[in-house]
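Visitor: Give me the fold of what follows.
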Amino acid sequence: MTAARHRIAYLGHTASLSGGEIAFANLIAALEGVEAHVLLAEDGPMVDRFRAAGADVEVVPLDAGSRTLHRHQVTGLGAVRPATDAVRYASRLAGRIRRLRPDLVHTISLKSALYGGVAARLARVPVLWSIQDRIAPDYLPGPVVTMVRSAARVLPTAIIANSSATAETLHPGRPGRARIDVVHPAVPLLPAAPPRTAPPYRVGVLGRLSTWKGQRVFLDAFAKAFAGSDAEARLIGAPLFEEEAFEAELRDQVHRLGLEHRVELRGHRDDVAAELAELDAVVHCSTVPEPFGQVVVEAMGVGRPVIAAAAGGPLEIVTDGVDGLLTAPGDVDALAAAMARLADDPSLAASLVSAARATALRFTPEVGAAKTMEVYDRVVSRRSR
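Guide: Numbers count the residues shown, from 1 in each chain. Reported below is the predicted structural model:
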């Protein structure tokens, strides 16, 4: 067996099945020449996902109060104890990193970037941040934005952002700061599915149920676009991070719109390709600019026409009228018009699907792995010198 080129310690705060963590598992599986060690702050489904990707996985528990602290709670005295716990955890984690002796620490999430950055510095190991959240006041609370931008000046050796839209919000702020490389998330090319031929027409949204993901906008637009028809809608995904109340709000909205027999909330589904294949069109409708938009790429790979919000990461994926349609975030009328247009014009839908498959190939794990290895080589070689 060929010796690994690099030994990398990956740090993550959650073991839940969320898009960023799944993309990292896809990336690790595609990396060649890397001995991967994943250190998670909790046990959960991602432990098996990372092991299946070929990584050695260890759970180094972090107190639940700090691990689950919501971004909007990072203010005032309520954040003091979690911050203290995080510093203690970083010290303990530094000892584990020293024993692993990695060439590089690579953080998976925003929380792990902060405590992992401290831990890696204590262990005297270079640290690479992967930033998968837009560091902007419309996405994060002001105190979090200030804290992350300040920490970005001193903690990371290098930074990877999941899109140019994300990179542009970080602004480390001074000459000589850590370089930001854009490496889009690793999205496996899903098997292409033949177009649906059986009625009724069906359109859906796939992603976690969250206020900013735009499911409310989707339901209003669907009701307007398909009033008086038998078209169906599907919301595929479940609430995460203590957002369960939002699911009840969506069910109430479905009832108010009189759509109980035409809208299905399907919850979390493991087989994304199968869910997408059961749709005629896929809608991405986040009301706040998305850092990337993984589901857009997944739908393109399956062969389903996509309507996406024209802000953030999707602007780096979709070319309007070529491989998808773009509408202004939160614009119910524009989204309704785009959905009706696709339903009424099969030739347009077929044209978009034909171009979209090639677009999806730009975001495969192999592409992301090659770019990531370039960053690893640069950072590790600099450390050696």
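Visitor: Show me what the mean pLDDT comes to for stretch 267-278.
Guide: Taken as a whole, stretch 267-278 has a mean pLDDT of 94.
Visitor: quick one: the helix or strand in which residue 87 is found to chain centroid distance?
Guide: Using DSSP states H and E, residue 87 maps to helix 80-100. Its chain's C-alpha centre and that of helix 80-100 lie 25 Å apart, by C-alpha atoms, centre = their mean, to the nearest Å.
Visitor: now do stretch 274-294
Guide: That offset, for stretch 274-294, works out to 12 Å (C-alpha atoms, centre = their mean).
Visitor: what's the answer for stretch 15-28, then?
Guide: The answer for stretch 15-28 is 8 Å, by C-alpha atoms, centre = their mean.
Visitor: Next: stretch 141-161.
Guide: So, by C-alpha atoms, centre = their mean, the centroid of stretch 141-161 is 18 Å from its chain's centroid.
Visitor: Give me the buried positions along that stretch.
Guide: Residues of stretch 141-161 classed as buried by neighbour count (16 or more other C-beta atoms under 10 Å): 144-145, 147-149, 151-152, 155-161. The way it works is simple: take the backbone N, C-alpha and C, and place the C-beta from them, glycine included.
Visitor: just the helices in the stretch 151-300 of the chain please.
Guide: 164-170, 215-225, 244-256, 272-277, 294-302 (DSSP state H, counting those that start in this stretch).
Visitor: Make sure residue 298 is actually in contact with residue 190.
Guide: Yes. Between residue 298 and residue 190 there is a contact under C-beta atoms under 8 Å: 5.7 Å.
Visitor: any residues in contact with both of these two?
Guide: 272-273, 276 (C-beta atoms under 8 Å, 6 or more residues apart in numbering).
Visitor: could I get those as CSV with distance to residue 383 and neighbour count?
Guide: CSV is the format used below for the shared contacts of residue 298 and residue 190 (distance: C-beta to C-beta, whole Å; neighbours: other C-beta atoms under 10 Å):
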residue, distance to residue 383, neighbour count
272, 38, 19
273, 40, 16
276, 42, 23
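Visitor: Same list, those, but as a markdown table with distance to residue 336 please.
Guide: Putting the shared contacts of residue 298 and residue 190 into a markdown table (distance: C-beta to C-beta, whole Å) gives the following:
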| residue | distance to residue 336 |
| --- | --- |
| 272 | 26 |
| 273 | 27 |
| 276 | 21 |
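Visitor: Mind checking which of residue 298 and residue 190 has more residues around it?
Guide: Legend: neighbour count by other C-beta atoms under 10 Å for residue 298 and residue 190, higher for residue 298 (24 against 20).
Visitor: how about that one, what does it touch?
Guide: Residues near residue 298 by C-beta under 8 Å, 6+ apart: 187, 190, 206, 272-273, 276, 360.
Visitor: can you tell me how far it sits from residue 251?
Guide: Per C-beta to C-beta, to the nearest Å, residue 298 is found 25 Å from residue 251.
Visitor: swap in residue 295?
Guide: Shown here: residue 295 relative to residue 251, a distance of 22 Å by C-beta to C-beta.
Visitor: higher neighbour count, the two?
Guide: residue 295 (25 against 14).
Visitor: With adjacent residues omitted, what lies nearest to that one?
Guide: residue 206 (4.8 Å; C-beta to C-beta, 6 or more residues apart in numbering).
Visitor: Buried residues in stretch 35-45, which are they?
Guide: 35-42.
Visitor: cool, and stretch 360-369?
Guide: Of the residues in stretch 360-369, 360, 363-365, 367-369 count as buried by neighbour count, 16+ other C-beta under 10 Å.
Visitor: just the residues you listed now: which is nearest residue 317?
Guide: When those are compared for distance to residue 317 (C-beta to C-beta), residue 363 wins out at 7.5 Å.
Visitor: That closest one against residue 297, yeah?
Guide: Yes. Using C-beta under 8 Å, residue 363 is in contact with residue 297, at 4.8 Å.
Visitor: quick one: the strands in the stretch 201-350 of the chain?
Guide: For the stretch 201-350 of the chain, the strands defined by DSSP state E, counting those that start in this stretch occupy 202-206, 232-236, 263-267, 281-283, 306-309, 325-327.
Visitor: ok, now which ones touch the spatially closest residue to residue 212 that is not a sequence neighbour?
Guide: Distances taken as C-beta to C-beta, 6+ apart place residue 288 nearest to residue 212, at 4.5 Å, with adjacent residues excluded. Residues counted as contacts of residue 288 (C-beta under 8 Å, 6+ apart) are 138-139, 212, 311-312, 329.
Visitor: May I have the phi/psi pair for residue 288?
Guide: Main-chain torsions, residue 288, degrees, to the nearest 10: phi -110, psi 140.
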